[in-house]
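Peer 1: 3D model of this:
(one chain, ligands or ions: 2)
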Amino acid sequence: MAITINGSDVEAPGDARVSLLDLVRDRLNLPGTKKGCNQGACGACTVLVDGERVLSCMTLAVQCEGRSVTTIEGLAAGGALHSLQQAFIDHDGFQCGYCTPGQICSAVGMIAEIERGVPSVITADLGGEGLSLSREEIQERMSGNLCRCGAHNGIIDAISEILVREAAE
Ligand code: FES
Ligand code: FES
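Peer 2: Ligands and ions are numbered 1, 2, ... in the order given. All right, here's what the predicted structure looks like:
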């Protein structure tokens, strides 16, 4: 069974030990997804699997057979940047850029979680109408993605802008 990666079907590796991260970076030449710690601690390798954020270093490629994977290369559509990519530029949400693909993929998945009403560990009112879009809530939900350059304020600003814009639509 194939893995769909950024809209194209790819054969799963014969070696069941190959991680999703190594498949996209080393075998498919999609270097946008970054290898930081390679042990689930930094979030640099975050991609979307069926729309949910996952750590690709902790995911075996064969686990994604029959599923749809989106990497940072697959977010821009028709040559136009994804709204979060543009917001990261507008708010100086990066410096070296190493963590940025993971931050953006994680934010895409996180916003979808909020739209589905998924609470975070600090969500106070679990039965409330709509979830808080506070800075603290976003910080908590993005706490799995580390930025060694310290661009976290710009990152949260960028995500906040998109959340506020989507809430108004
Ligand atoms: S490289 Fe996957 S979490 Fe750090
Ligand atoms: S922008 Fe350099 S690690 Fe985040």
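Peer 1: how close does Pro119 get to Leu163?
Peer 2: Pro119 is 15 Å from Leu163, where distance means C-beta to C-beta, to the nearest Å. Using the backbone N, CA and C atoms, a C-beta is placed for each residue, glycine as well.
Peer 1: repeat that for Glu113.
Peer 2: According to C-beta to C-beta, Glu113 and Leu163 sit 12 Å apart.
Peer 1: which of those two has more neighbours?
Peer 2: Shown here are Glu113 and Leu163; by other C-beta atoms under 10 Å, Leu163 has more neighbours (19 against 16).
Peer 1: now do stretch 82-96, average pLDDT.
Peer 2: Averaged across stretch 82-96, pLDDT comes to 97.
Peer 1: pull the distance from that stretch to the chain's centre.
Peer 2: 14 Å (C-alpha atoms, centre = their mean, to the nearest Å).
Peer 1: kindly check the end-to-end length of that stretch for me.
Peer 2: Separation of the first and last residues of stretch 82-96 by C-alpha to C-alpha, to the nearest Å is 20 Å.
Peer 1: any residue of that stretch touching ligand 2?
Peer 2: Yes - Stretch 82-96 comes into contact with ligand 2 (C-beta under 6 Å from any ligand atom), by way of Phe94, Gln95, Cys96.
Peer 1: in strands, which of these appear?
Peer 2: Assigned to strands by DSSP state E, none of those qualify.
Peer 1: burial of Gly144, as a residue count?
Peer 2: Gly144 has 16 neighbours, counted by other C-beta under 10 Å.
Peer 1: contacting residues for it?
Peer 2: Residues near Gly144 by C-beta atoms under 8 Å, 6 or more residues apart in numbering: Gly43, Thr46, Leu55, Ser106.
Peer 1: give the ChimeraX command for selecting the buried subset of the residues of stretch 82-96 next to ligand 2.
Peer 2: Buried residues among those (16 or more other C-beta atoms under 10 Å), as a ChimeraX selection:
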select :94
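Peer 1: now render the residues of stretch 82-96 next to ligand 2 as CSV, adding distance to Pro31.
Peer 2: Converted to CSV, the residues of stretch 82-96 next to ligand 2 look like this (distance: C-beta to C-beta, whole Å):
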residue, distance to Pro31
Phe94, 16
Gln95, 19
Cys96, 15
